[in-house]
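S.K.: Output the structure for:
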Amino acid sequence: MAQPEIGPSDARLIDRHLDAIWAETGLSSSSRESYRRDLGGFARWRGRDGALLDAGASDLSDYLAWRARAGYSPRSNARLLSALRGLFGWCLRERLRSDDPTALLGSPTLPRLLPKALTESQIAALLAAPDVESSTGLRDKAMLELMYATGLRVSELVGLPTQAVNLRQGALRVTGKGSRERLLPMGEEAQHWLERYATHARPALLGKGHGSTYLFVDAKGEPLTRQRFWSTVKRMAAVAGIDATRISPHGLRHSFATHLLNHGADLRSLQMLLGHSSLSTTQIYTLVAREKLKQLHRMHHPRG
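M.R.: Take a look at the predicted model:
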């Protein structure tokens, strides 16, 4: 059964709000659609046009309680509440409302999930897995090496334009979340494999007379999707003998950060490399390092 459409006044309100966020913060298209979906879901649940602008705290509480009973996760409800707080805070500033119905709502308690990182030996095995004698294998090798060397997000990796790479300087210019740019060193190993891919494999994949603005392409000359890349990572993990549960969508990024921290990198530098807007986001990697120290203590200390 199809969901009812959002009422026209609610749709206009959401559009105005998202336009304002985009103008202020450079909200990405994926975040924009997530916000639209969350806010629209509440409007549909209330079942009438104008549901957003005249919602009270009890309406929001009832909706969150309904979602909890329906099996939505605490993380999903926390994201929804963030979207609602953003909307009603903006309504208050724009004098569309005289109060904020989210002011007294508590946030769902979220478990602190530590990112899963591969060991350095597992990373070495994963990077050695692609068959570099084939064009697709050479591409996969270059992508894995680049992701581990720079800590790119998956979306950043598959969306890289060719002009973002400076092989002569060994640097990469990346546009991340919030349209924030960062300049990343790629290291000699990643630079070597990227140069081999660009010289030999990419022209073969594109075919004679074809071009693309994307750096990484498939056998049809089309840009790779995130799903396609991660199916490749899973396949390479199997070749490397790595348990599939150890590979997550951001596994190489987490490994990059954890290994840098283990080898003495400071949090501020790590924050810049990862493109985090807040240092508090980067600090979770100190917990990873702390857990590793605890494991080593338990394994090797006589009273561990």
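S.K.: rest of the way, CA atoms for contacts and neighbours
M.R.: Noted.
S.K.: For residue 80, grab the count of nearby residues.
M.R.: 20 (other C-alpha atoms under 10 Å).
S.K.: remind me, longest helix of the protein?
M.R.: In the chain, assigned by DSSP state H, the helix with the most residues is helix 74-93.
S.K.: any idea of the mean pLDDT in that helix?
M.R.: Averaging pLDDT along helix 74-93 yields 90.
S.K.: For it, list the C-alpha coordinates in CSV.
M.R.: Taking C-alpha atoms only, helix 74-93 is exported to CSV below (Å, rounded to 0.1, in the frame of the first residue of the first chain):
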residue,chain,number,x,y,z
PRO,A,74,17.4,3.9,19.0
ARG,A,75,19.9,5.2,16.4
SER,A,76,17.2,5.7,13.8
ASN,A,77,15.0,7.5,16.4
ALA,A,78,18.0,9.6,17.5
ARG,A,79,18.5,10.7,13.9
LEU,A,80,14.8,11.5,13.5
LEU,A,81,14.8,13.6,16.7
SER,A,82,17.9,15.5,15.5
ALA,A,83,15.9,16.3,12.3
LEU,A,84,12.9,17.5,14.3
ARG,A,85,15.0,19.6,16.6
GLY,A,86,16.6,21.2,13.5
LEU,A,87,13.3,22.0,12.0
PHE,A,88,11.6,23.4,15.1
GLY,A,89,14.7,25.4,16.1
TRP,A,90,14.6,27.0,12.6
CYS,A,91,10.9,27.6,12.9
LEU,A,92,11.5,29.4,16.2
ARG,A,93,14.2,31.6,14.6
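S.K.: Buried residues in it, which are they?
M.R.: Buried residues in helix 74-93, counted by 16 or more other C-alpha atoms under 10 Å: 74, 77-81, 83-91.
S.K.: The protein: helices as residue ranges?
M.R.: Taking DSSP H as the criterion, the chain carries its helices at 8-25, 29-46, 57-69, 74-93, 120-127, 135-150, 154-158, 187-196, 202-206, 226-240, 251-262, 267-274, 279-282, 284-300.
S.K.: what are the phi and psi values for the residue nearest to residue 138 when sequence neighbours are not counted?
M.R.: Of all residues not flanking residue 138 in the chain, residue 132 sits nearest, at 4.3 Å (C-alpha to C-alpha, 6 or more residues apart in numbering). Backbone torsions of residue 132, given as degrees, to the nearest 10, read phi -80, psi 0.
S.K.: what sits against residue 132?
M.R.: 138-139, 141 (C-alpha atoms under 8 Å, 6 or more residues apart in numbering).
S.K.: wait, which of the residues you listed is closest to residue 126?
M.R.: residue 141 (9.3 Å; C-alpha to C-alpha).
S.K.: Number of residues surrounding the spatially closest residue to the closest one that is not a sequence neighbour?
M.R.: Leaving aside its sequence neighbours, residue 141 sits nearest to residue 130 (C-alpha to C-alpha, 6+ apart; 5.7 Å). Using other C-alpha under 10 Å, residue 130 has 24 neighbouring residues.
S.K.: Against residue 197, how distant is residue 130?
M.R.: Residue 130 sits 13 Å away from residue 197, going by C-alpha to C-alpha, to the nearest Å.
S.K.: before we move on, the earlier item: can you tell me which of the helices of the chain comes nearest to residue 214?
M.R.: Distance to residue 214, taken as C-alpha to C-alpha, is lowest for helix 154-158 among those, at 8.0 Å.
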